[in-house]
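Undergrad: Here is a sequence together with a model predicted from it:
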Amino acid sequence: MKMKGVVMYKKFSLFTIFLIFAIPFYAQKGQQEKKEITAYIIKIVRDVDVKAPKETWQKAVLLSQLKAGYEVRTDKKSLAVISFPDQSKLVLREKSIATIKGEIEGKRIIDRNVHLERGDIIFNVKKAETEQFRFSSPISVASIRGTQGRFITYGILDTLTILEGFAEITNSISGKIGKVLAGQSAVADSSGNVNVFETTKSSLNGIIDGQKAEIEERMETDTTEARGINFGQLKSKQPGSVSVDLSSFEGKAIQATLYCRKNLDDPYTEIGLDLIGQTAKGKIPAEKVKYPKLEYYLVVKLSDGSSIIMPENGDKNPGIAPVQPIQHVLRIPGQTGTLQKKVVVIKWNE
């Protein structure tokens, strides 16, 4: 009996030791490690800067990775499109400063906060049920419930407009709360007020247009196109071609030269065109073709010694041919809140 008791005691001691070490192990396995969320800048228009915590501002580049605490700043007539791996997108419009924060646990996003120090942001948020997604400013905090809308801060008041879904906005000064439904706007001011009202159709259309993430540029059709200049379909960073119909010219063309550039800051590139019957044709190098436009003018010399420039004063006021953007595809590990989606595909135009 004594020996049996010793054996039972040893078995019990080994089981106890196993439990002591096993319980923390399985508890830790069930609770996955929390990490900082990441996002990417997938579109840049003009002047956009990025700043990591405790560092200075740097010029943003395409696919800049934004970790928790990173700031993004846009200048006049500039914007940045920020994409999260779950396809949520933010369009940071001109003269804005935003800070990205958030956490993930395993593949699940548990918290996101975009602090807008100043400016204008259009959002399309795909939020999981258990996640918190907030926009904040010095005046208010907006809790987003999986929606599309716009958040603007002017320093003395904030405006939240909802296109789809709903949100709650809390005035940080007074604690007053307003529930904002689709088709409504709310204003929170520095006096502590929160006012909710039906928004205008133009405000809703502004959100729809803003999600296209484009700055409109007027590409007016000039008389050169009526004279038969045809660039076909120009695609960014790909060789292009030009064809000029000379049949309407008075006199015989003996030389045709195209001058083109990507933008105002670049020098013109001179391209001699081949004369084939009543047509002048030529190739445009890929490095000279870049979204969103190609600036150009044409000089045609005639047999009588005269020259025709199209458009008139083209070296100072060039014609404009639109250039299609490149579509990019990025595949990154998903942070979607579901184990089924192991890879997230982000697509965007140049």
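TA: Now that the structure is in, tell me what you want to look at.
Undergrad: any weak-confidence spans in the stretch 251-350 of the chain?
TA: 328, 333-350 (pLDDT under 70).
Undergrad: Which residue ranges of the protein form helices?
TA: 2-30, 201-210, 223-226 (DSSP state H).
Undergrad: Tally up the residues packed near A52, please.
TA: Taking other C-beta atoms under 10 Å as the criterion, the count of residues near A52 is 13. To be clear about C-beta, it is placed using only N, CA and C from the backbone, and glycine gets the same treatment.
Undergrad: and stretch 100-120, average pLDDT?
TA: Averaged over stretch 100-120, pLDDT sits at 85.
Undergrad: Buried residues in it, which are they?
TA: By 16 or more other C-beta atoms under 10 Å, the buried positions in stretch 100-120 come out as 100-105, 107-116, 119-120.
Undergrad: Tell me the gap between it and the middle of its chain.
TA: 16 Å (C-alpha atoms, centre = their mean, to the nearest Å).
Undergrad: Stretch 305-320: end-to-end distance?
TA: End-to-end distance for stretch 305-320, by C-alpha to C-alpha, to the nearest Å: 28 Å.
Undergrad: Nearest residue to the spatially most central residue of the chain in space, please, no chain neighbours.
TA: The chain has V81 as the residue nearest its centroid, 1.5 Å off, counting by C-alpha atoms, centre = their mean. Spatial nearest neighbour of V81, excluding adjacent residues (C-beta to C-beta, 6 or more residues apart in numbering): K43 at 3.7 Å.
Undergrad: could you give the angle of the longest strand anywhere in the chain to helix 201-210?
TA: Criterion DSSP state E: the longest strand present in the chain is strand 108-124. Strand 108-124 and helix 201-210 are oriented at 120 degrees to each other (axes from the mean of the first three to the mean of the last three C-alpha atoms, to 10 degrees).
Undergrad: gap between F84 and A39?
TA: 5 Å (C-beta to C-beta, to the nearest Å).
Undergrad: Please read the previous query as pertaining to D75.
TA: 20 Å.
Undergrad: Compare those two and say which is more crowded by neighbours.
TA: Applying other C-beta under 10 Å to D75 and A39 shows that A39 carries more neighbours, namely 24 against 14.
Undergrad: Give the full set of residues in contact with the more buried one.
TA: 65-66, 82-85, 100 (C-beta atoms under 8 Å, 6 or more residues apart in numbering).
Undergrad: May I ask which two of those are separated the most?
TA: P85 and I100 (12.9 Å; C-beta to C-beta).
Undergrad: Show me where the stretch 101-250 of the chain has its strands.
TA: Taking DSSP state E, counting those that start in this stretch as the test, the strands found in the stretch 101-250 of the chain are 108-124, 132-136, 140-144, 148-153, 157-164, 166-171, 177-181, 184-189, 194-198, 229-230, 234-235, 240-245.
Undergrad: For these, give me CSV that also has distance to E55.
TA: CSV is the format used below for the strands of the stretch 101-250 of the chain (distance: least, C-beta to C-beta, whole Å):
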stretch, distance to E55
strand 108-124, 17
strand 132-136, 22
strand 140-144, 27
strand 148-153, 24
strand 157-164, 28
strand 166-171, 31
strand 177-181, 36
strand 184-189, 32
strand 194-198, 36
strand 229-230, 49
strand 234-235, 37
strand 240-245, 40
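Undergrad: and R331, which of those strands is closest to it?
TA: Using C-beta to C-beta, the strands of the stretch 101-250 of the chain put strand 108-124 closest to R331, at 18.3 Å.
Undergrad: other SSEs contacting that closest one?
TA: strand 89-92, strand 97-105, strand 132-136, strand 148-153 (3 or more C-beta pairs under 8 Å, 6 or more residues apart in numbering; DSSP states H and E).
Undergrad: okay, the angle between it and strand 132-136?
TA: 40 degrees.
Undergrad: Can you give the distance of strand 108-124 from its chain's centre?
TA: 13 Å.
Undergrad: same thing with stretch 37-47?
TA: The answer for stretch 37-47 is 5 Å, by C-alpha atoms, centre = their mean.
Undergrad: got the buried residues for that stretch?
TA: 37-45, 47.
Undergrad: can you check stretch 235-244 too?
TA: 236, 240, 242, 244.
Undergrad: what sits up against it?
TA: Contacts for stretch 235-244 (C-beta under 8 Å, 6+ apart): 227-232, 234, 256, 258, 271, 273, 279-291, 294, 298, 300, 323-326, 350.
Undergrad: pretty sure P267 is in contact with R261, am I right?
TA: Yes - counting by C-beta atoms under 8 Å, R261 is a contact partner of P267 at 6.6 Å.
Undergrad: If you tally nearby residues, what's the number for K59?
TA: 10.
Undergrad: And I254, how far from L302?
TA: Applying C-beta to C-beta to I254 and L302 gives a distance of 7 Å.
Undergrad: what about these two, which has more around it?
TA: L302 (16 against 12).
Undergrad: what sits against the more buried one?
TA: With C-beta under 8 Å, 6+ apart, L302 has these contacts: 249-254, 308.
Undergrad: No further queries at this time; thank you.
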